[in-house]
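Chemist: Quick one, fold the following:
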Amino acid sequence: MANPLLRDADLSLVSAGPADHQAIARFSVGTRGPGLVDVTGAVAQALREGKAGDGLATLFVRHTSASLTIQENASPEVLDDLVDALDRLAPRDAGWRHGIEGPDDMPAHVKTMLTGVSLSIPVIGGRLALGTWQAVYLLEHRDRPHAREIVVHFSGRKAV
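Modeler: Presented below is the predicted three-dimensional model:
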C-alpha cells in the first residue's frame, strides 16, 4: 500500500553512477569555552579542495568532550538555549564519580554522548545538502578554550 504522505514529486533522482572518489581532510577549530562554533564554511572548503561531486560527507570530531550537530543558523538565541538545555540535562552537581579533570569534565562527556561525535550529510554538486536554516556546529562542552580537530571524509563522485 502506498504511503499517502509521499508524492511522486518528492522522490526524484539527483544523480546515479559509481562512487569512485574519496577525499579526507582535517581541520582544527578553536573554541572559547562552552558554546557552538559554526564550522559549515570549513567543511564546505574541505569538500571543494577534495573535489567532491555527489556523495556523502562524514564528519567526525576526535574528542570525548566536544560534539557535532546540525542546528538552526538564523537565531543566536537557539544556540544559547541549546547550551542551557544541555546544562540542565548534565549538571555539574549531579554527584559524578569521575572528577579528576575538573567539575566540567564528566558533564562534558555526558553531553557528547547525548549529541554525538559524527554526522553524515549528503553532498549534491559539491555542496552540503543542508536546509535553508541549517548549519553544522561544533559543540564545546568544557569551560576553557580548546583546539578541536574535525575529520571530513567524502565518498562519492568526483566533481567535473
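
Chemist: Would you indicate which residues of the longest helix along the chain are buried?
Modeler: The longest helix of the chain (DSSP state H) is helix 76-89. Residues 79, 82, 86 are the ones in helix 76-89 that count as buried (16 or more other C-beta atoms under 10 Å). Using the backbone N, CA and C atoms, a C-beta is placed for each residue, glycine as well.

Chemist: Arrange the residues you listed in a markdown table, one row each, with distance to residue 65 as further columns.
Modeler: Formatted as a markdown table, the buried residues of helix 76-89 follow (distance: C-beta to C-beta, whole Å):
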| residue | distance to residue 65 |
| --- | --- |
| 79 | 18 |
| 82 | 16 |
| 86 | 12 |
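
Chemist: avg pLDDT for stretch 99-106?
Modeler: Averaged across stretch 99-106, the pLDDT comes to 94.

Chemist: can I have it written out in CSV, keeping just the CAs?
Modeler: Extracted C-alpha coordinates of stretch 99-106, given in CSV (Å, rounded to 0.1, in the frame of the first residue of the first chain):
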residue,chain,number,x,y,z
GLY,A,99,36.1,14.3,38.6
ILE,A,100,39.9,14.0,38.2
GLU,A,101,39.9,16.5,35.2
GLY,A,102,37.6,19.1,36.9
PRO,A,103,33.9,19.6,37.6
ASP,A,104,33.1,20.3,33.9
ASP,A,105,34.6,17.1,32.6
MET,A,106,32.1,14.4,33.4
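
Chemist: mind listing what's buried in it?
Modeler: For stretch 99-106, the neighbour count (16+ other C-beta under 10 Å) marks 104-106 as buried.

Chemist: now swap in stretch 41-48 and tell me
Modeler: 42-44, 46-47.

Chemist: likewise stretch 106-124?
Modeler: Buried-residue list, stretch 106-124, by 16+ other C-beta under 10 Å: 106-112, 115, 117, 119, 121, 123.

Chemist: Just the ones of these in helices?
Modeler: 106-112, 115.

Chemist: Make CSV from the residues you listed and add distance to residue 69 to it.
Modeler: Converted to CSV, those look like this (distance: C-beta to C-beta, whole Å):
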residue, distance to residue 69
106, 20
107, 17
108, 15
109, 16
110, 15
111, 11
112, 11
115, 5
